[in-house]
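Student: Below are the sequence and a predicted model for it; my questions follow.
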Amino acid sequence: MTSRDQVSVTLAQVAKAAGVGESTVSRVLRNHGSYSGKTRERVMTAVERLGYVPNRIAGTLASAGSRLVAFVIPSLSNIVFADVLRGASATLENNQYQAVFAVTDYDPAREEALVASMLAWRPAAVILAGYEHTERTIKMLRASNCRAVELLDVDGTALDLAVGFSNRAAGRQSAEFLLKRGYRRIGYVGHDIDRDTRAGKRYSSFCDTLSANGTPLADQEIYREASSVERGRLGLDRLLARTPDLDAVYFSNDDMALGGYFHCLARGIVIPSQLAIFGYNGLDLGRVMPQALSTIRTPRVAAGELAAKLIMDNASPQVVDLGFELIEGATA
């Protein structure tokens, strides 16, 4: 008999093997309610011997509320979203909730399809990045009975719950910092700011601040793909080939800035006396570089933790601005 032909072990079979009722098995497996240590041992022995796997979907449909929390995130290669998941996981697990996730690759249409797929499982909450979604995504979330949490931004109108920080303020403060340090020939290297709307907000605010101070952006190199260390290095190479007299470069995030730093090391460009570099996110790698990266540190783990807590507490709709920290570093 193949595994496909086998009949799944049922809760009733576990209960019979353990010599207890099905409700007792359910309480033991959910770690909820009263039962003795000996009863738990008998149930878990039966579970292990029979190879029983709880049917979480059946439990969800039979209960008053789902134990699933769906994360629909842009990327897993970007450590920012891994940090968010890390922040949320402990709180969810401690409350017997299960996190499931899907990756959009910064594509709004893909996000729409994934949200529809996730909602079919009737999750307790859907967690997304940012405020920008398709009209259908917004309608689906508003029509559902689950909570919606938008993360890593506060520049816009929230659907329900939002936890993050102002990307526009981050762009403005980055520009003000470079101007205060005396830099005037400033360039930009970035990734796809049309799909990554939060990066787009930082870029727009950065440029507006420079222009308002009489020093418009000197040049830019923007890729239509996701950010990476390699693109940061190639982007700075192309930018300096066109505009070699730049005295500072603002990168869309730390991944890109690290690539720019490596380019400077390879070409013998002295940082920051010949060229200043400024990033965004405050990644650990930037902190332990030979010269600590000048950047904005964002509270990604804290955002994940608070998002999970608000869901567990069934909090009223609200927007929580966690702020950010400007790290002066040594590269600017």
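Tutor: Right, received. Where do you want to start?
Student: pLDDT score for residue 4?
Tutor: Per-residue pLDDT puts residue 4 at 35.
Student: Check residue 49 too.
Tutor: On pLDDT, residue 49 comes in at 85.
Student: Kindly report the same for residue 154.
Tutor: So residue 154 comes in at 98 (pLDDT).
Student: so what does the host helix or strand of residue 89 touch, helix or strand wise?
Tutor: Under the criterion of DSSP states H and E, residue 89 resides in helix 79-94. Judged by 3 or more C-beta pairs under 8 Å, 6 or more residues apart in numbering; DSSP states H and E, the packing partners of helix 79-94 are strand 68-73, strand 98-103, helix 300-312. To be clear about C-beta, it is placed using only N, CA and C from the backbone, and glycine gets the same treatment.
Student: Out of the ones you listed, the one nearest residue 178 is which?
Tutor: helix 300-312 (23.7 Å; C-beta to C-beta).
Student: Tell me which helix or strand residue 178 sits in.
Tutor: Here residue 178 sits within helix 167-180, counting by DSSP H and E.
Student: in its sheet, what does the following helix or strand past that helix sit against?
Tutor: Later in the chain than helix 167-180, the nearest helix or strand by DSSP H and E is strand 186-190. Strand 186-190 pairs in its sheet with strand 219-222 (parallel), strand 248-251 (parallel), by DSSP bridges.
Student: Residue 161 is in contact with residue 317, correct?
Tutor: Yes. Under the criterion of C-beta atoms under 8 Å, residue 317 makes contact with residue 161 at 6.2 Å.
Student: Which one's more surrounded, those two?
Tutor: Using other C-beta atoms under 10 Å, the more surrounded residue of residue 317 and residue 161 is residue 161, with 22 against 12.
Student: Let me see the contact set for the more buried one.
Tutor: 147-150, 307, 310-311, 315, 317-319 (C-beta atoms under 8 Å, 6 or more residues apart in numbering).
Student: between these, which is closest to residue 28?
Tutor: Of all those, residue 28 sits closest to residue 311, with 25.4 Å by C-beta to C-beta.
Student: Average pLDDT for stretch 119-132, rounded please.
Tutor: Mean pLDDT, stretch 119-132: 93.
Student: Which residues in stretch 131-142 does the neighbour count mark as buried?
Tutor: Neighbour counts over stretch 131-142 (16 or more other C-beta atoms under 10 Å) mark 131-133, 137-138, 140-141 as buried.
Student: so where's the stretch 51-200 of the chain shaky on pLDDT?
Tutor: Applying pLDDT under 70 to the stretch 51-200 of the chain picks out residues 53-65.
Student: Could I get the pLDDT score of the residue nearest to residue 176 when sequence neighbours are not counted?
Tutor: Computed as C-beta to C-beta, 6 or more residues apart in numbering, the closest residue to residue 176 that is not its neighbour in sequence is residue 209, at 6.2 Å. At residue 209, the model reports a pLDDT of 98.
Student: Residue 255: neighbour count?
Tutor: Neighbour tally, residue 255, other C-beta under 10 Å: 26.
Student: Could you do residue 244 as well?
Tutor: Count around residue 244 with other C-beta under 10 Å applied: 9.
Student: Who are the contact partners of the residue nearest the centre of the chain?
Tutor: Closest residue to the average C-alpha location of the chain: residue 81 at 2.8 Å, with C-alpha atoms, centre = their mean. By C-beta under 8 Å, 6+ apart, the contact set of residue 81 is 73-75, 129, 300.
Student: can you do 6 Å?
Tutor: 73, 75 (C-beta atoms under 6 Å, 6 or more residues apart in numbering).
Student: From residue 125, how far off is it?
Tutor: To residue 125, residue 81 is 16 Å away according to C-beta to C-beta, to the nearest Å.
Student: ditto for residue 208
Tutor: 35 Å.
Student: Neighbour count for the two, which is higher?
Tutor: Between residue 208 and residue 125, counted using other C-beta under 10 Å, residue 125 has the larger neighbour count: 24 against 16.
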